[in-house]
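Visitor: below are the sequence and a predicted model for it; my questions follow.
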Amino acid sequence: MKYVIGVDLGTSAVKILLVDKQGAVVKSVSKAYPLIQERTGYSEQNPQDWVDGTTSGLVELLKDFDGDVRDIEGISFSGQMHGLVLLDENNEVLRPAILWNDTRTTAQCQQIYEAVGEERLLQITKNPALEGFTLPKILWVKQFEPEIFSKAKAFVLPKDYLRYKMTGRLQMELSDAAGTLLLDVSKKEWSTELCELLELDPALCQPLVYSHEEVGTVTAEFAAASGLAESTRVFAGGADNACGAIGAGILEDGKTLCSIGTSGVVLSYEANDDKDFGGKVHYFNHGAPDAFYTMGVTLAAGYSLSWFKETFAPDESFDGLLGEIGTVPAGSNGLLFTPYLVGERTPHADAAIRASFIGMDSSHQRKDFARAVLEGITFSLNESIELFRQNGKGIDLIVSIGGGAQNEDWLQMQADIFNAKIVRLTTEQGPGMGAAMLAAYGCQWFDSLKACADAFLQEDKEFQPNEEAVAAYRKLFAIYQNVYGQTKELNKKLLEFRK
Ligand SMILES: Nc1ncnc2c1ncn2[C@@H]1O[C@H](COP(=O)(O)OP(=O)(O)O)[C@@H](O)[C@H]1O
Ligand SMILES: O=C(CO)[C@@H](O)[C@H](O)COP(=O)(O)O
């Protein structure tokens, strides 16, 4: 039997899947690593933690492998997007990576608008300047850490760094490069115009490769450390949302994805680059050749739930914490949560906003709070769905993936709040499966990613909207939408008291 491996370098953990030629996940391993949050708005990780977690994860994955490791033909990657990894002339890491959910760069976003102009930026990158994207992070290091910046010879993204440590070759993969704000998304090339306007050396930008492109094999050193064979073919991989789309079969027009990982994403396939959302949703290159996708992002989706669990129920499992939410009615007995723990992106690009519980009552119990957290996250994602619907997209069926798709009450809640049929696949690990599919396609097991999706992906269960709950949530959503405007100024006043 032949196999491929998909490595999903997430924000909370690296998840590694061993997948056979039928698309079955033979074994999976997850290795968690910490977030470094020194100040409010800061979010960093140590790139060495990604490499160590992946190496020890592979060792564990291959521990009882009873075949020849050379039968693992290929490996590919899905990576948390936008994180800045700065490298010196020896490709050594210069500082901790600044992540996608780090929002310290509001002033640098302004600087980009002043240097480039809003319209021109949108023409080239198809996206607005948002704190989470990589370019403002580069400008922040240039301004505040000039000594470090003077040593920088390259920047890459998280999974591109991991792949470099596996192969010894440094490249940037296209679907992830789209999230840097330095790529001409339509031309699929680095924008020298943006580099010039922002006084950045274009040599910082590494050669671009496509998601399914073979970029080398595993070095002898990495093979010895991980147990992989040196012959294992390495394929570039993709941004986690591009891979999530592949792993959920979002490979043709009309298909929609909801992914609840640390972030939350509503994503729609785009065959072309010609739609105009005016920068209200992100517009990036897909991992599927020549395609694109649009998406709205909730910064703290699964993260809101993890925060709630770690703060109020640290010794319980997610299933334990959520065990009773099915007994709480829609609307959590009048308790409403907005998930703005680290600011927000869609539809409110606002780094200063923070979360709220509205309507706390002495009758509320922990289960009401747990349900309210899930409802708030799902309302936030519904704002993206509404944006898509307002732009003429019909959204009747949504494939739901990510850690959040493990809970059936949450999947039913998604059906009721989105007023759409929700489909769960046999694996909720869409990005890891998408990465494995890129390796399978790269190894020429299939003629196209679509053919691979048809062979690998299976529906597990459907969740239909319940009319009564849909009506209740429609009313609650209207109240939820008011909370942002009502708390925006209050949160600005609280800024000076934050850590
Ligand atoms: N059993 C569960 N039920 C509901 N949500 C869960 C469960 N387990 C994990 N989660 C949520 O999934 C998130 C992690 O999802 P994952 O897709 O692994 O994220 P990432 O790719 O960002 O590392 C956690 O933050 C948590 O909120
Ligand atoms: O910033 C974005 C997308 O623009 C996030 O979706 C990151 O890509 C992190 O993803 P997860 O770790 O939540 O999967």
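Guide: All right, it came through fine. Residues are numbered from 1 along each chain as shown. Ligands and ions are numbered 1, 2, ... in the order given.
Visitor: can we go C-alpha only for contacts and neighbour counts from here?
Guide: OK.
Visitor: what does the stretch 201-350 of the chain put close to ligand 1?
Guide: 261-262, 302-303, 305-306, 318-319 (Cα under 6 Å from any ligand atom).
Visitor: next one, pLDDT for the residue nearest to residue 49 when sequence neighbours are not counted please.
Guide: Using Cα to Cα, 6 or more residues apart in numbering and skipping residues adjacent in sequence, the residue nearest residue 49 is residue 33, 6.4 Å away. Note for residue 33: predicted pLDDT of 98.
Visitor: and for residue 33, the neighbour number?
Guide: Using other Cα atoms under 10 Å, residue 33 has 17 neighbouring residues.
Visitor: can you pull the phi/psi pair for it?
Guide: phi -140, psi 160 (degrees, to the nearest 10).
Visitor: what sits against it?
Guide: For residue 33, the contacting residues are 12-13, 49-50, 53, by Cα atoms under 8 Å, 6 or more residues apart in numbering.
Visitor: swap in residue 82?
Guide: Contacts for residue 82 (Cα under 8 Å, 6+ apart) come out as 99-100, 132-134, 157-158, 176, 179-180.
Visitor: re the thing from before, any chance of the residues of the stretch 201-350 of the chain next to ligand 1 in JSON lines, plus distance to ligand 2?
Guide: Shown next, in JSON lines, are these (distance: Cα to the nearest ligand atom, whole Å):
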{"residue": "261", "distance to ligand 2": "4"}
{"residue": "262", "distance to ligand 2": "4"}
{"residue": "302", "distance to ligand 2": "7"}
{"residue": "303", "distance to ligand 2": "8"}
{"residue": "305", "distance to ligand 2": "12"}
{"residue": "306", "distance to ligand 2": "12"}
{"residue": "318", "distance to ligand 2": "17"}
{"residue": "319", "distance to ligand 2": "20"}
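Visitor: mind putting the residues you listed in TSV, neighbour count and pLDDT included?
Guide: Output for those, formatted as TSV (neighbours: other Cα atoms under 10 Å; pLDDT from 0 to 100):
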residue	neighbour count	pLDDT
261	21	94
262	24	94
302	24	97
303	22	97
305	22	98
306	17	97
318	16	98
319	10	97
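Visitor: among the residues you listed, which pair sits farthest apart?
Guide: 262 and 319 (16.9 Å; Cα to Cα).
Visitor: re the thing from before, restrict the contacts of residue 33 to those near ligand 1?
Guide: 12-13.
Visitor: between the contacts of residue 33, which is closest to residue 354?
Guide: residue 12 (21.0 Å).
Visitor: reformat the residues of the stretch 201-350 of the chain next to ligand 1 as CSV; add secondary structure and distance to residue 111.
Guide: Converted to CSV, those look like this (DSSP: H, G, I helix; E, B strand; the rest coil; distance: Cα to Cα, whole Å):
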residue, secondary structure, distance to residue 111
261, coil, 31
262, coil, 29
302, helix, 31
303, helix, 29
305, helix, 34
306, helix, 34
318, helix, 42
319, helix, 45
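Visitor: among those residues, which one sits closest to residue 494?
Guide: Nearest member of these to residue 494, counting by Cα to Cα, is residue 303, at 21.8 Å.
Visitor: surely the closest one and residue 309 touch.
Guide: No - checked against Cα atoms under 8 Å, the pair residue 303 and residue 309 is beyond contact range at 9.6 Å.
Visitor: from residue 477, how far out is whichever residue of the stretch 101-250 of the chain sits closest to ligand 2?
Guide: When scored by Cα to the nearest ligand atom, the stretch 101-250 of the chain has residue 240 as its residue closest to ligand 2, at 5.5 Å. Distance of residue 240 to residue 477, computed by Cα to Cα, to the nearest Å: 28 Å.
Visitor: cool, thanks, talk later.
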